[in-house]
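Trainee: 3D model of this:
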Amino acid sequence: MKMAGKRMTRKQFIFIIACFIQGSSFYTMYYYHMAGNEAWLCLLAGILLGMLVAYLYGALGDSYPSCCLVQINEAVFGRIPGKILSFFYLYTFIVSCSMTMRETSQFVAGDLLMETDWIPILTVFVLACAWASNAGTRYFASVSTFMCILMYVFTVLLFLLLLPMIEFKHLLPLGGHSASEYGRSVLYCTLMPFSELVVLLFLVPDFKEAREQKNLWKQFVLGILIGAPFIIILVLRDTLVLGPLLTAFYYPSYEVVRLINFNVLSHIESLYGVLLIFILFFKSAVIFYCITKALARIFGCRKNIVFTAFTTGLMLLCTQQLCSSNVSLMNLALHRIPYVLLAVQVGLPALTLAVSRVKNTVQNKRSSVKCG
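Mentor: Numbering: from 1, shown residues only. Modelled structure (predicted):
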């Protein structure tokens, strides 16, 4: 009974996926630099491709019930090669988590607590992630549904308050980019954040009952269908209000909310900032937890306080050393990270699933020969 309380149900897993996607809301500022006022179109295409990527992860999880990603790699490629491949995944998880932590810390330091050093904020943020990681899946499962619904309610409310400032002409012109630019933008919207969902395969062993893991791809797709409209609302809202000024701000979604001025609601951006920080914290904490589990599994140990402490120090160091400035972070996010994610978080799972299917086919043929 004690263990059951620490595990999650199918519905809770779906809302964890949805909240994880909502926690990627800062990626919208990169979408605008890629596609401008047509970012919403590229995002719609990215969501469709993201479902295909999610189907890949679900099929991989269904092939190896109750196994995390490290265990799947070892089962398909062998113990040593499997661990090596797991380190590639681990690298991308660290990069994704560092990006989210860096953006969140600098957002708090620059927009909420003016002229504050972001390093102490980062330290508090990482320690909070360590606490959530120590609480485990029980924490993520307990808050995900409430936070997902709350973010939708608050975001729709803000959208209604911004109706007087909306200009539909900002959606035009269309077709202003080349085919290669559209392709690159759609690829970007697919990889960030949908390729990052591969990290959630580390939560699969935490299902309350093994039977709830069946048709895992459906749970990934449902999570996307619940979480992705949140990002679409943000992108459309920012585009309709800011128009050509989309790339003039580092956090456009927050700057839009600042424009609301309805007497007692004149500083509603403060409340929005708090909710935004929490949803970013949720995503960071999930990845932090999965990094800790991955490290423990690679070294053949159970997740414990030692690995949590090591991950805490690792994330503090990596987040500070990720880049030297916001400009370099922007360049890194636009020109390097997407291709790393494509190679590791899409290419490797596709290779793993293909090799697994080939091995199963060969084994079935051998069994048929022996029976004959």
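Trainee: surely residue 171 meets residue 241?
Mentor: No: Residue 171 is beyond contact range of residue 241, at 11.6 Å (criterion: Cβ atoms under 8 Å). To be clear about C-beta, it is placed using only N, CA and C from the backbone, and glycine gets the same treatment.
Trainee: what does stretch 315-325 rub up against?
Mentor: 94-95, 97-99, 101-102, 105, 119, 122-123, 126, 129, 288, 291, 329, 332 (Cβ atoms under 8 Å, 6 or more residues apart in numbering).
Trainee: Now do the phi/psi pair for residue 8.
Mentor: Dihedral pair for residue 8: phi -120, psi 160, per degrees, to the nearest 10.
Trainee: Please work out how many residues are found near the spatially closest residue to it that is not a sequence neighbour.
Mentor: Excluding its sequence neighbours, the residue lying closest to residue 8 (Cβ to Cβ, 6 or more residues apart in numbering) is residue 141, at 4.0 Å. The burial count assigned to residue 141 is 21, neighbours taken as other Cβ atoms under 10 Å.
Trainee: mind listing what residue 141 touches?
Mentor: By Cβ under 8 Å, 6+ apart, residue 141 lies in contact with 7-9, 12-13, 16.
Trainee: just to revisit the earlier point, okay, residue 171 and residue 241: which has more neighbours?
Mentor: Regarding residue 171 and residue 241, a neighbour count based on other Cβ under 10 Å identifies residue 241 as having more, with 22 against 15.
Trainee: so where's the stretch 151-300 of the chain uncertain?
Mentor: In the predicted model, the stretch 151-300 of the chain carries pLDDT under 70 at residues 210-213, 263-266.
Trainee: What ranges does it have for its helices?
Mentor: With helices called from DSSP state H, counting those that start in this stretch, the stretch 151-300 of the chain shows them at 179-194, 216-242, 252-258, 268-298.
Trainee: what would the ones you listed look like in CSV with distance to residue 137?
Mentor: Converted to CSV, the helices of the stretch 151-300 of the chain look like this (distance: least, Cβ to Cβ, whole Å):
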stretch, distance to residue 137
helix 179-194, 20
helix 216-242, 15
helix 252-258, 29
helix 268-298, 8
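Trainee: Can you say which of those is nearest to residue 204?
Mentor: Nearest to residue 204 among those is helix 216-242; the distance by Cβ to Cβ comes to 6.9 Å.
Trainee: Which positions in the helix or strand containing residue 54 come out as buried?
Mentor: Here residue 54, judged by DSSP states H and E, is contained in helix 39-63. Neighbour counts over helix 39-63 (16 or more other Cβ atoms under 10 Å) mark 39-43, 45-47, 49-51, 53-54, 56-61, 63 as buried.
Trainee: Quick one: list the elements packing against it.
Mentor: helix 28-35, helix 69-77, helix 179-194, helix 216-242, helix 348-371 (3 or more Cβ pairs under 8 Å, 6 or more residues apart in numbering; DSSP states H and E).
Trainee: got the angle between the longest one and helix 39-63?
Mentor: Here helix 216-242 runs at an angle of 170 degrees relative to helix 39-63 (axes from the mean of the first three to the mean of the last three Cα atoms, to 10 degrees).
Trainee: what's the distance between residue 143 and residue 117?
Mentor: According to Cβ to Cβ, to the nearest Å, residue 143 and residue 117 sit 29 Å apart.
Trainee: tell me the contacts of residue 132?
Mentor: Listed by Cβ under 8 Å, 6+ apart, the contact partners of residue 132 are 139-140, 281, 285, 288-289.
Trainee: which one of the residues you listed sits closest to residue 364?
Mentor: residue 289 (36.7 Å).
Trainee: correct me, but that closest one touches residue 131?
Mentor: No: with contact defined as Cβ under 8 Å, residue 289 does not count as touching residue 131 (10.7 Å).
Trainee: What is the neighbour count of residue 10?
Mentor: Neighbours of residue 10 using other Cβ under 10 Å come to 18.
Trainee: got the contact list for residue 240?
Mentor: 166-168, 170-171.
Trainee: how about a cut-off of 7 Å?
Mentor: 166-168, 170 (Cβ atoms under 7 Å, 6 or more residues apart in numbering).
Trainee: likewise residue 63?
Mentor: Residues near residue 63 by Cβ under 7 Å, 6+ apart: residue 356.
Trainee: can you rerun that using 8 Å?
Mentor: By Cβ under 8 Å, 6+ apart, the contact list for residue 63 reads 72, 353, 356.
Trainee: Kindly report the same for residue 218.
Mentor: Residue 218 is in contact with residue 58, counting by Cβ under 8 Å, 6+ apart.
Trainee: quick revisit: now render the helices and strands packed on helix 39-63 as JSON lines, adding distance to residue 205.
Mentor: Formatted as JSON lines, these follow (distance: least, Cβ to Cβ, whole Å):
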{"stretch": "helix 28-35", "distance to residue 205": "32"}
{"stretch": "helix 69-77", "distance to residue 205": "8"}
{"stretch": "helix 179-194", "distance to residue 205": "22"}
{"stretch": "helix 216-242", "distance to residue 205": "12"}
{"stretch": "helix 348-371", "distance to residue 205": "17"}
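Trainee: Compare these and report which one is nearest to residue 340.
Mentor: In this view, the helices and strands packed on helix 39-63 are compared for proximity to residue 340 by Cβ to Cβ, and helix 179-194 is the closest at 9.2 Å.
Trainee: Wait, a strand at residue 302?
Mentor: No: Residue 302 is assigned coil when assessed by DSSP: H, G, I helix; E, B strand; the rest coil, not a strand.
Trainee: Spatially nearest residue to it (excluding sequence neighbours)?
Mentor: Residue 302's closest residue in space is residue 296 (Cβ to Cβ, 6+ apart), at 6.1 Å.
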